[in-house]
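Chemist: Turn this into a structure:
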Amino acid sequence: MTSALVVGGGPNGLTAAALLAKSGVRVTLLEAADEVGGGTRSDEALLPGLLHDHCSAIHPMAVTSPALRSLGLERHGLRWRLPEVDCVHPLDDGSAGVLLRSVEETARLLGADAARYRALMAPARRWEALAEDVMGPLLAVPSHPLLLARFGAPTTLPAGLLGRFFRTPQARALWAGVAAHALRPLSQPFSSAIGLGLLTAGHRAGWAVAEGGSQAIARSLEKVLRAHGGEVHTGVRVTDAAQLPPADVTLLDLDPGQVARIYGDRLPGRTRAAYGRFRRGPGAYKVDLAVEGGVPWTNAHARRAGTVHLGGTLPEIARAEREVAAGRMPERPFVLVCQQYLADPSRSAGNVHPVWTYAHVPHGYDGVATEAVLRQLERFAPGTRERVVGMRVTRPADFAAANPNFAGGDILTGAETVPRLVFGARPTSDPYSTGLPGVFLCSAATPPGPGAHGMCGAGAARSALRHLGVAPG
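Modeler: Next up, the predicted model:
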């Protein structure tokens, strides 16, 4: 029986391990932390019964992920829950851009921009056909080339330029907030890609949360792995290849820097050089809040929204993202707020609700941004401070300490540059190959990039199975 070793138990490592085990490979997974999950973990650190997600929180790409769907996670306890309103982007005058699951209803609320929004979101009607191509390596031969071209043409544009396709400040701001998930200046080419992916997938399945916290995604993946005979060992930190037990293939849910340190001169020179040049992205500064009665948003739609983007107008967001990329902390950072309890009330403790927020900050930022986050909340929800009964701050260094893949607070595991979008961590026809026979990279540093969708792990698993000559299960 062929064997596989998977190092790292984030959503990609778990997905790779589960797919390999399902294909009849004997799999052992090693995780450095005391529990698997990586960015998909949750806890009750502030108050008993008040559930906060560590990192990944809202999952439009995971719900529609071909890899996760193929594993039947619902049979292992995963339940997706949807808020009444997917996302809201409030403005200072009390108005907002409002994103609903329905393209038609979203367009209607955008008024003068209705026809433009419908045209941009036309590919959402065929997301199932698009998903495998969009959520896989860009260099692969597409299954639906014409449809992919229709979807892909706008993704090449700078998000700031595409935003000017709309007329109203509400539509422009809504688009800018979604595009800002890429943590890239909105003036750069391809900065529209992640935003269009989130919108298109979201219109198919909604901006869902996992019932019981994002940890439920990891736990269901672990159950699939164990059901197919896989083993999981936590508390095992790998720092040198000499620690690794023998296996026919090894998959690494690690950032390229860790892989280079673990394998050293064993890696081909070109791989070492490419991994040494791998660029990190900006950081996240997270503030978890326990809020009595919830956030008192001025905009009524925001009170029912699973996600709220705080950043003001498109020009204001573009300016803040440009400052962050240049290593400067903006006075008014872009802040992402998640109210998962609206879709999953089990996360609350009575009338005290968990509110998840993070600001975009420079890579490795070592200052204090808590006040900047609270000011943005007060700007669009006056009186929030008075309702806060608990708070926890996670700085960039804290993210890195808990998960080395997030060095400098870079929760995307690398800057979303054009070369990374196309090639991953190094220029090669197989973005999961390390150049070392039988050793594959399966982290978010590979296509299609960050998220709890597991598609990076699925791509690496396919490469490993081809190497083994084993048919996918």
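Chemist: which stretches of the stretch 251-400 of the chain form strands?
Modeler: Assigned strands in the stretch 251-400 of the chain, in chain order: 283-292, 305-310, 335-338, 352-361, 388-394 (criterion: DSSP state E, counting those that start in this stretch).
Chemist: ok, the residue nearest to residue 97 when sequence neighbours are not counted - contacts?
Modeler: Spatial nearest neighbour of residue 97, excluding adjacent residues (Cβ to Cβ, 6 or more residues apart in numbering): residue 174 at 2.7 Å. C-beta here means a position set from N, CA and C on the backbone, and glycine is covered the same way. Residue 174 sits next to 87, 89, 96, 97, 98, 99, 110, 309 when contact means Cβ atoms under 8 Å, 6 or more residues apart in numbering.
Chemist: and among the strands of the stretch 251-400 of the chain, the most buried is which?
Modeler: Per residue and on average, the most neighbours among those fall to strand 305-310, with a mean of 27 (mean count of other Cβ atoms under 10 Å).
Chemist: Given that strand, what are its sheet partners and their directions?
Modeler: In the sheet, strand 305-310 lines up against strand 85-90 (parallel), strand 335-338 (antiparallel) (DSSP bridges).
Chemist: Determine which two of the contacts of residue 174 are furthest apart.
Modeler: Using Cβ to Cβ, the two most remote members of the contacts of residue 174 are 110 and 309, lying 15.2 Å apart.
Chemist: Where does the prediction get shaky in the protein?
Modeler: Scanning the chain for pLDDT under 70 picks out 130-131, 133, 135, 138-142, 144, 146-149.
Chemist: Closest to the centroid, which residue in it?
Modeler: residue 451 (2.7 Å; Cα atoms, centre = their mean).
Chemist: and residue 205, how far is that from residue 157?
Modeler: Residue 205 sits 25 Å away from residue 157, going by Cβ to Cβ, to the nearest Å.
Chemist: Actually, residue 54.
Modeler: Applying Cβ to Cβ, the value for residue 54 to residue 157 is 33 Å.
Chemist: Between those two, point out the one with more neighbours.
Modeler: Neighbour comparison, residue 54 and residue 157: the larger count goes to residue 54, with 24 against 18 (by other Cβ atoms under 10 Å).
Chemist: Now do the same contact list for the residue lying closest to residue 262 once chain neighbours are set aside.
Modeler: The shortest distance from residue 262 to any non-neighbouring residue, by Cβ to Cβ, 6+ apart, is to residue 241 (5.5 Å). Shown in contact with residue 241 (Cβ under 8 Å, 6+ apart): 262, 263, 264, 266.
Chemist: Show me which of these are buried.
Modeler: Neighbour counting with 16 or more other Cβ atoms under 10 Å marks 262, 263 as buried within the contacts of residue 241.
Chemist: Dump the contacts of residue 241 into TSV; add distance to residue 129 as well.
Modeler: Formatted as TSV, the contacts of residue 241 follow (distance: Cβ to Cβ, whole Å):
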residue	distance to residue 129
262	39
263	39
264	43
266	41
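Chemist: what's the spacing between the nearest residue to residue 46 once chain neighbours are set aside and residue 305?
Modeler: Excluding its sequence neighbours, the residue lying closest to residue 46 (Cβ to Cβ, 6+ apart) is residue 390, at 4.1 Å. Distance, residue 390 to residue 305, by Cβ to Cβ: 22 Å.
Chemist: And for residue 237?
Modeler: From residue 237 to residue 305 the distance is 39 Å (Cβ to Cβ).
Chemist: ditto for residue 399
Modeler: In terms of Cβ to Cβ, residue 399 sits 25 Å off from residue 305.
Chemist: Ok, residue 349 next?
Modeler: As judged by Cβ to Cβ, residue 349 and residue 305 stand 21 Å apart.
Chemist: what does residue 247 give?
Modeler: 46 Å.
Chemist: Break down the stretch 251-400 of the chain into its helices, ranges please.
Modeler: For the stretch 251-400 of the chain, applying DSSP state H, counting those that start in this stretch gives helices covering 256-263, 269-277, 314-325, 370-380, 384-387, 396-402.
Chemist: and among these, the most buried is which?
Modeler: Mean neighbour count (mean count of other Cβ under 10 Å) peaks for helix 314-325 among the helices of the stretch 251-400 of the chain, with a mean of 22.
Chemist: can you list contacts of that one?
Modeler: With Cβ under 8 Å, 6+ apart, helix 314-325 has contacts from 160, 163, 169, 172-173, 175-177, 180, 183-187, 282, 311, 329-330, 332-334, 360-362.
Chemist: So among those residues, which ones count as buried?
Modeler: Using 16+ other Cβ under 10 Å as the burial test, the contacts of helix 314-325 include 160, 163, 169, 172-173, 175-177, 180, 183-186, 282, 311, 329-330, 332-334, 360-362 as buried.
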